[in-house]
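Asks: Quick check, what structure comes out for this input:
(chains A and B)
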There are 2 protein chains.
Amino acid sequence: MTFPDRLKDAAVHVQARLDRAVTGTQPVHDAMRHALSGGKRLRGFLVIEGARLHGVSDAITAAAAIEALHAYSLVHDDLPAMDDDDLRRGQPTVHVKWDDATAILAGDALQTLCFQLLAGDDCHPDAATRVTLIAEMALAAGAQGMVLGQALDIAAESAAVPLDLDAITRLQAGKTGALMRWSGRAGAILGGADPAPLTAYADALGRAFQIADDLLDVEGDAGTTGKAVGKDARAGKATFVSILGADGARARARELVDSACDALSPYGPAADPLRDCARFVIARDR
Amino acid sequence: MTFPDRLKDAAVHVQARLDRAVTGTQPVHDAMRHALSGGKRLRGFLVIEGARLHGVSDAITAAAAIEALHAYSLVHDDLPAMDDDDLRRGQPTVHVKWDDATAILAGDALQTLCFQLLAGDDCHPDAATRVTLIAEMALAAGAQGMVLGQALDIAAESAAVPLDLDAITRLQAGKTGALMRWSGRAGAILGGADPAPLTAYADALGRAFQIADDLLDVEGDAGTTGKAVGKDARAGKATFVSILGADGARARARELVDSACDALSPYGPAADPLRDCARFVIARDR
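Replies: Numbers count the residues shown, from 1 in each chain, chains lettered A, B, ... in the order given. Modelled structure (predicted):
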């Protein structure tokens, strides 16, 4: 299977699992389904491919869990009180299509859904493994992980001096890096194996992903990316691109992709889909 | 020990556990600590006393977890896009003291903290027990539990006809009942025992609690309750009081307290603190 086919195949399975998880006919349920539709499912793909490397053939529920958590973070991030975005994955954001209250509640319930999925025995038969995934998810998502990154991002907007490279790296390690790392480690944890190689892979991938995101904000097109562009420059935000320049940022992203691929060497050619994924992350146009 | 002393003692231990869980010096961390301070800790008390009945002497971490979840729900519920409240536990609400973005993030991180606490081995040495608590928490808090109740509450505000008694009972079963039920069941689950008696107790208690809340909104005083009063009437909201009348609501609450106490009969006098708690719930002035 080619990489795009593999990615699409994973996305179809993850979507089916998410569809099964969200029932109900209230606006909040519709809003959750809206927030869970579309997207590349990169994080879910990392879980599924990482698990496959350790002989775990069904990691769909864990993959659905990280996508539910990611969806929650986008819904809340898009709120007027936060980034105030109207467009996401080419669709109106939840608070635009419904209202702020529904977006707050839908995001809240999507976070809960993540933990519900991880706690279920279709995630993994062994309770201790599920608890490990849950504990690591809580650390990655909470006030020492993703939420910390978002808080630093908000603080940066009103800071007198723009962030330097170290500060941006720290911010992004929380904001996008922590969930990427979880996605990488999850496959090894599901397989009862040492997560070190996949952790190194995911850390490099997460940083490359963020640089690519910053480049897309400068060079991308809203019609293709499915979200607003040019936001960082308008907000006067320091990014990898504003500090390194577009060429410097591209070079750094390529180095990170090389590191990510190198980290997979213990797995040999079996890890080629993850190598393809790393290359895709910096070549993507959305 | 008298009931007020027992309640205070539980609150002190729960607060210490929560203080230990929230570190960090960003505004979001201060906001989390603010949201976690004060409160009666009724839910935590239920966990601790229920656990004691099953020979579990330390249920502080599980008690702290439900208080973190409860605190998240209050922070988000108080937001301008939701109930728009300025006062909570006699203090300015998080979005008033900080801003909406910080309140959204602090609430998000408090939900995560709940699952982090439940996943830790100081919650219970057995991973399967922790997973049961986590799965039940996710069901109670999510779009089929608390969030559903809040969504129904929002929908009711714009409904053409006020809710009837059945609809309010259903709404409250989600909005406040689901977490109360979890708090009751948790003690039995921690002790590896049948949670049926404590479930029946907590269900009746939760309904009595809500009626008492409705009465406090009509008859209470903002200075004593520490939150705004008269809100339901101003919003034209149907409540147990608007439907049953104040006297009818009081009588119903007393019946529910009797049912709650009856449900504890398998435990004999050892459950007296929980009986005291049920009586306190309808006698309280805040």
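Asks: Do you have the strands of chain A handy? List them.
Replies: Here chain A has its strands, by DSSP state E, at A:87-88, A:91-92.
Asks: Let me have those strands in CSV, extended by mean pLDDT and distance to chain B.
Replies: All C-beta atoms are positioned from the backbone trio N, CA, C, and that covers glycine. As requested, the strands of chain A are exported to CSV (pLDDT from 0 to 100; distance: least, CB to the nearest CB, whole Å):
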stretch, mean pLDDT, distance to chain B
strand A:87-88, 92, 17
strand A:91-92, 94, 17
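Asks: model confidence over stretch A:145-156, on average?
Replies: Across stretch A:145-156, pLDDT averages out at 94.
Asks: Likewise for stretch A:16-23?
Replies: Stretch A:16-23 comes out at a mean pLDDT of 97.
Asks: That stretch: how far from the chain's middle?
Replies: Offset of stretch A:16-23 from its chain centre (CA atoms, centre = their mean, to the nearest Å): 19 Å.
Asks: go on, stretch A:224-232?
Replies: On CA atoms, centre = their mean, the centre of stretch A:224-232 falls 17 Å from the chain's centre.
Asks: Does that stretch reach chain B?
Replies: No: figure legend: stretch A:224-232 not in contact with chain B (CB under 8 Å from any CB of the partner chain); closest approach 15.8 Å.
Asks: Could you check how many residues crowd around the residue nearest to A:G50 when sequence neighbours are not counted?
Replies: Closest residue to A:G50 apart from its sequence neighbours, by CB to CB, 6 or more residues apart in numbering or on different chains: A:G187 at 2.2 Å. By other CB atoms under 10 Å in any protein chain shown, the residues close to A:G187 number 26.
Asks: Using neighbour counts, pick out the buried residues of stretch A:126-136.
Replies: By neighbour count on 16 or more other CB atoms under 10 Å in any protein chain shown, the buried set for stretch A:126-136 is A:A127, A:T129, A:R130, A:V131, A:T132, A:L133, A:I134, A:A135, A:E136.
Asks: Report the contact partners of the third one.
Replies: It stands for A:R130. Applying CB atoms under 8 Å, 6 or more residues apart in numbering or on different chains to A:R130 gives the contacts A:L118, A:A119, A:G120, A:D121, A:C123, A:H124, B:A127, B:V131.
Asks: next one: A:D83
Replies: With contacts defined as CB under 8 Å, 6+ apart, A:D83 is in contact with A:D77, A:K231.
Asks: try 6 Å
Replies: Applying CB atoms under 6 Å, 6 or more residues apart in numbering or on different chains, we find A:D83 in contact with A:D77.
Asks: do the one 4 residues further on as well
Replies: Neighbouring residues of A:L87 by CB under 6 Å, 6+ apart: A:K227, A:A228.
Asks: quick one: which of the contacts of A:R130 sit in helices?
Replies: A:L118, A:A119, B:A127, B:V131 (DSSP state H).
Asks: Surely the first one is in contact with A:I134?
Replies: When you say that, I think you mean A:L118. Yes: counting by CB atoms under 6 Å, A:I134 is a contact partner of A:L118 at 5.0 Å.
Asks: one step back: Produce a PyMOL select command limited to the buried residues of the contacts of A:R130.
Replies: Here is the PyMOL command that selects the buried residues among these (16+ other CB under 10 Å):
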select buried, (chain A and resi 118+119+120+123+124) or (chain B and resi 127+131)
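Asks: Including pLDDT and distance to A:A31, could the contacts of A:R130 go into a markdown table?
Replies: Listed next are those as a markdown table, based on pLDDT from 0 to 100; distance: CB to CB, whole Å:
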| residue | pLDDT | distance to A:A31 |
| --- | --- | --- |
| A:L118 | 98 | 22 |
| A:A119 | 98 | 23 |
| A:G120 | 97 | 23 |
| A:D121 | 95 | 28 |
| A:C123 | 98 | 24 |
| A:H124 | 97 | 29 |
| B:A127 | 98 | 34 |
| B:V131 | 98 | 28 |
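Asks: that older thread, need the per-residue pLDDT for the residue nearest to A:G50.
Replies: pLDDT recorded at A:G187 is 98.
Asks: Pull up the residues of the stretch 1-150 of chain A that are close to chain B.
Replies: Residues of the stretch 1-150 of chain A that fall close to chain B, judged by CB under 6 Å from any CB of the partner chain: A:24, A:26, A:28, A:76, A:81-82, A:100-101, A:104-105, A:108-109, A:111-112, A:115-116, A:119, A:127-128, A:130-131, A:134-135, A:138, A:141-143, A:147, A:150.
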